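> sequence and predicted model, in that order:
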Amino acid sequence: MIHLKTYNKRELRELVSSGDFRKHDFLPVTEHRALSHIQNPKADEDQILLILAFDDDELAGYIGCLPDYFKSSSQIFRYAWLSTLYISNKFRGKRIAQTLLNKVFEVYNGNIAVTEFTPEAEGLYKKTGVFRYLEPKRGKRYYFRTDLAHILPLKKPNTKTLRPALEITDSILNTAIEVKNCFISKPKFKFEVLNKIDSGSLEFLTQFHSYRNKNEINWGIENPWVLEGKKDEDYLFSSFSDKFKYFWVKIYDKKNSLSICSLLLVRDGHLKIPYLFSHSDLEPFVDFLSYFIVSHKIITLTSYQARLNEKIADSGKFPKIHERPLERRYIFHHQLLANLPENFTPDFQDGDGDCMMT
C-alpha cells in the first residue's frame, strides 16, 4: 500500500543526520542538497521540502520542492518550484507520480511552478490539467570549441569505438580555434572576479528589480547542489561534476564607478549567466566574456539574457563558432496564477527558480 512522508527543515535535517536516507535502493536526496534546502533563506521552517512515497516499507519515489516567493508592493506570494520528481521503475504504473503531485498541490495550496522539465515530466504535468504555460524565455546557446568525442557517442552510441579518433579531431580543431582567438586579450578596463557577492556590490544591486538579493544569491553559491567529484550513481539528479564553480564579476566604467555586475557559473566547461545587472551599455561585458571564454576554454554558453544576446549579435569580436536558439518554458499551477495580481508577469533572470543551482 502506498503511503507518503513529508519533510520540513527540521525533519529533513533529522533524516540526513540519522543516515536513514541512505538505506534505500536509491537516494531520495544527497546530503549536500538537503543541507542546501535547509539553509534556503526563502523557506519557512514548516514548508515541505521533500516528500517520499513508500510501498509498504520500500521507497518507491520522491518529489522535491524549492520554496520561493514574489514580492508585489507590500504583499508576499509564497510558492514552490518542483525541483525533482522520480519514480523507481519497479513501481511504475501505480500512479505514484500523480499521488506525489497531488500531495504537493495540497501542502502548497496549488502555489507551484516548474521549469527546465523533461518531455516525460511535461507529459505528466499536462495530464494533471492544472498547469498553465507562461510566456517562455528565448535564448541562445553559443559554441566556442568542438567536443565531438563527448557529444557524438551520446547521440549515436555506435560511435563509442571512435572516441580516440574523435579526441584527436577535437584536439586539432580546437588548436586551430585557439590560434584564431589569440588576439583576444585581457580587457583594459577595470574589473574584479570574486567567489561571491561582496558588500561593495550591495548598493549597486539595490538599483535593480530582482527576485533574489545578495544574501539569497550567496546562499546558492555557498550551498551548492553540485559538488566537484565523482557522480553518485544512486542519485538520479545533479549532484557531482568534475568542475563546478561560481564567479561574481564586477566591471567598472571610465570614472571608476561600478557599472556591471554578473554571476557566472561554469560546469565542466559549460557557462551560464544566472544573473546580470546593468543599466549601461553591455559592450564591456561582451569584451570580458570573450576574454573569460577563451582563458577558461569554455565549450558553450547558454544565455537567456535578451539584452546581452542582442549585444552579442552586434559584436564582430565574440569568439563563437556556432549558435542555435533555445527556449525555456515555465508552467504555473492555475491556483498560483489566480493568487497573483492581475496581469502579473514574472521577469525571471536565468538563475531564478532552481536554475542557478545546476
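Sure thing, it's come through. Numbers count the residues shown, from 1 in each chain.
> could you tell me whether residue 120 really is in a helix?
Yes. Residue 120: assigned to a helix according to DSSP: H, G, I helix; E, B strand; the rest coil.
> can you get me a residue count around it?
Using other C-beta atoms under 10 Å, residue 120 has 9 neighbouring residues. For glycine as for every other residue, the C-beta is placed from the backbone atoms N, C-alpha and C.
> list the buried ones in the lowest-mean-pLDDT helix or strand in the chain?
In the chain, no helix or strand scores lower on mean pLDDT, DSSP states H and E than helix 148-155, which sits at a mean of 78. By 16 or more other C-beta atoms under 10 Å, the buried positions in helix 148-155 come out as 148, 149, 152, 153.
> so which of those residues is the closest to residue 253?
Proximity of the buried residues of helix 148-155 to residue 253 (C-beta to C-beta) peaks at residue 148, which lies at 41.1 Å.
> separation between the closest one and residue 155?
From residue 148 over to residue 155 the distance is 10 Å, taken as C-beta to C-beta, to the nearest Å.
> then stretch 294-310 to PDB, C-alphas only?
The C-alpha trace of stretch 294-310 is given here as PDB (Å, rounded to 0.1, in the frame of the first residue of the first chain):
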ATOM      1  CA  VAL A 294      39.000  32.000 -24.200                       C
ATOM      2  CA  SER A 295      41.000  31.900 -21.000                       C
ATOM      3  CA  HIS A 296      38.800  29.300 -19.400                       C
ATOM      4  CA  LYS A 297      38.400  27.200 -22.500                       C
ATOM      5  CA  ILE A 298      34.700  27.400 -22.400                       C
ATOM      6  CA  ILE A 299      32.800  25.000 -24.700                       C
ATOM      7  CA  THR A 300      29.400  26.500 -24.700                       C
ATOM      8  CA  LEU A 301      27.500  29.500 -23.200                       C
ATOM      9  CA  THR A 302      23.800  29.200 -22.600                       C
ATOM     10  CA  SER A 303      22.100  32.600 -22.200                       C
ATOM     11  CA  TYR A 304      18.500  33.800 -21.900                       C
ATOM     12  CA  GLN A 305      19.700  37.300 -21.200                       C
ATOM     13  CA  ALA A 306      17.900  39.100 -24.000                       C
ATOM     14  CA  ARG A 307      19.800  42.400 -24.000                       C
ATOM     15  CA  LEU A 308      23.100  40.500 -23.800                       C
ATOM     16  CA  ASN A 309      22.200  38.300 -26.700                       C
ATOM     17  CA  GLU A 310      21.300  41.300 -28.800                       C
END
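> the longest helix anywhere in the chain: what's the following helix or strand?
Longest helix in the chain by number of residues (criterion: DSSP state H): helix 163-180. Sequence-wise, the next helix or strand beyond helix 163-180 is strand 191-194, with elements assigned using DSSP states H and E.
> partner strands of that following strand, with direction?
Strand pairing for strand 191-194, using DSSP bridges, gives strand 244-252 (antiparallel).
> how far is the partner strand from where the chain is centred?
16 Å (C-alpha atoms, centre = their mean, to the nearest Å).
> which residues does the helix or strand just after it contact?
Note on strand 244-252: by DSSP H and E, the next helix or strand toward the C-terminus is strand 258-267. The contact list for strand 258-267, computed with C-beta atoms under 8 Å, 6 or more residues apart in numbering, reads 197, 200-201, 204-205, 217, 221, 226, 241, 243-253, 271-278, 280, 282, 284-285, 292, 296, 298, 351, 356, 358.
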